[in-house]
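Novice: Provided below for reference: sequence and predicted model.
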Amino acid sequence: IFWFSIKMANIENRKFIALDISGKNYLSWVLDVKLHLSAKKLRHTIDKDNAASNEERATALIFLRHHIDDGLKYEYLTVENPLELWKNLNDRFEHLKAVVLPKALNDWSQLRFQDFKTVSEYNSTLFKIVS
C-alpha cells in the first residue's frame, strides 16, 4: 500500500504523461517537455551550446527525470546535464518518426466515416491519427 501511495503521488505531481520506456509516446512527450520548459523559462537548458546556470540545469534535469519512466531514470542515472539526457533520449527514440509517420498516413488513407457507429468514435480515431 505504501509503494502504491508513492506511485500515485508521483503520477499526480507530473504535468503530463511520463515518457514510456518503449518510447511509444515520445513525439507527444517532446512537445510537452518543450512547452513546459519554455513556460518555466528553462527551454535553453536543452539547446546546444547554452549558457544555463547550474541551478537552471538542475531544475531542468529534475523536471526531465520526473517525466520519464522509472526504467529510463535508472538507465540514465549518471547523466547530470539536461542537454545530455535530452540528446540521449533523442538518439534512442528519434527513429520512431520513421515508423509513426508511415503508419499514420496509412491509417489516414483507410479512414472511412461509415466504418464508425457514431460521429464521436470517428472524431476520436481521427484525432488519434492526426496527433
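Specialist: It's in.
Novice: what comes into contact with stretch 23-35?
Specialist: Defining contact as Cβ atoms under 8 Å, 6 or more residues apart in numbering, one finds that stretch 23-35 is touched by 15-20, 43, 46, 63-64, 67, 89, 92-93, 96-97, 100, 131. Any C-beta I mention is one placed from the backbone N, CA and C, and that applies to glycine too.
Novice: ok, now which ones touch K15?
Specialist: Counting by Cβ under 8 Å, 6+ apart, K15 touches D32, H36, H67.
Novice: Okay, and the first one sits in which element?
Specialist: Yep, that's D32 we're talking about. Element membership of D32 [criterion: DSSP states H and E] is helix 26-39.
Novice: Would you mind listing the buried residues in that helix?
Specialist: By neighbour count with 16 or more other Cβ atoms under 10 Å, helix 26-39 contains the buried residues Y26, L27, W29, V30, D32, V33, H36, L37.
Novice: What does the pLDDT read for the residue nearest to the last one when sequence neighbours are not counted?
Specialist: The shortest distance from L37 to any residue other than its chain neighbours is 4.4 Å, reached at R43 (Cβ to Cβ, 6 or more residues apart in numbering). At R43 the predicted local confidence, pLDDT, stands at 96.
Novice: One more: the one 4 residues further on?
Specialist: Reported pLDDT at D47 in the predicted model: 94.
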